[in-house]
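> only the shape, not the letters, is given here:
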């Protein structure tokens with residue numbers, strides 16, 4: 001029987017946002033050890049500010065899904081961290097790019113077309 005059928009028959013409440021619940025399950029592990037391991041692989045020493053950016057990236061993905069473009073996500077990050085210096089500040093934290101490197105460490109999918117090997121982008 002479909003989930004809606006079970007919900008009706010059993011009187012269960014449906015999740016508020018099923019897509020949000022699904023995206024939450026799609027994410028990789030989010031524990032300190034796994035995040036530090038990914039950061040070490042990227043040669044990033046995590047500070048509380050790094051953690052804040054990584055949590056923002058995860059929350060953004062859970063709320064909105066995969067960003068349509070890297071530009072969309074970098075604008076969101078720029079707005080959020082404008083008081084600390086915006087993009088310049090973010091590139092100091094993540095030298096290979098706050099979107100590409102940040103998403104990789106946060107365990108969320110990078111937006112489509114963020115890296116393009118034909119342009120010399122490196123992963």
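Okay, I see it. Because the structure is predicted, anything quoted here is derived from the model rather than measured.

> alpha carbons only for contacts and neighbour counts from here, please
Fine.

> what about residue 57, how many residues nearby?
24 (other C-alpha atoms under 10 Å).

> I should have written residue 84 there, sorry.
Neighbours of residue 84 (other C-alpha under 10 Å): 11.

> so what's the residue count around residue 105?
Per other C-alpha under 10 Å, the neighbour tally for residue 105 reads 25.

> which other helices and strands does the helix or strand it falls within contact?
Assigned by DSSP states H and E, residue 105 falls within helix 100-106. In terms of contacts (3 or more C-alpha pairs under 8 Å, 6 or more residues apart in numbering; DSSP states H and E), helix 100-106 is packed against helix 32-41, helix 48-64.

> let me see the mean pLDDT of that helix.
Mean pLDDT, helix 100-106: 92.

> returning to that earlier point: out of the helices and strands packed on helix 100-106, the one nearest residue 109 is which?
For the helices and strands packed on helix 100-106, proximity to residue 109 was assessed by C-alpha to C-alpha; helix 48-64 is nearest, at 8.3 Å.

> packing partners of whatever helix or strand comes next after the closest one?
Next in sequence after helix 48-64, counting helices and strands by DSSP H and E, comes helix 70-80. Contact here means 3+ C-alpha pairs under 8 Å, 6+ apart; on that basis helix 70-80 packs against helix 86-93.

> which secondary structure elements does the helix it packs on sit against?
helix 70-80.

> buried residues in the helix it packs on?
Going by neighbour count (16 or more other C-alpha atoms under 10 Å), the buried part of helix 70-80 is 70, 73-74, 76-78.

> now stretch 105-117
For stretch 105-117, a neighbour-count test (16+ other C-alpha under 10 Å) marks 105-111 as buried.

> thinking again about what came up before, any chance of the helices and strands packed on helix 100-106 in TSV with distance to residue 83 and mean pLDDT as columns?
What follows is the helices and strands packed on helix 100-106, written out as TSV (distance: least, C-alpha to C-alpha, whole Å; pLDDT from 0 to 100):
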stretch	distance to residue 83	mean pLDDT
helix 32-41	25	93
helix 48-64	13	93
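
> export those helices to TSV and tack on distance to residue 85?
Output for those, formatted as TSV (distance: least, C-alpha to C-alpha, whole Å):
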stretch	distance to residue 85
helix 32-41	22
helix 48-64	13
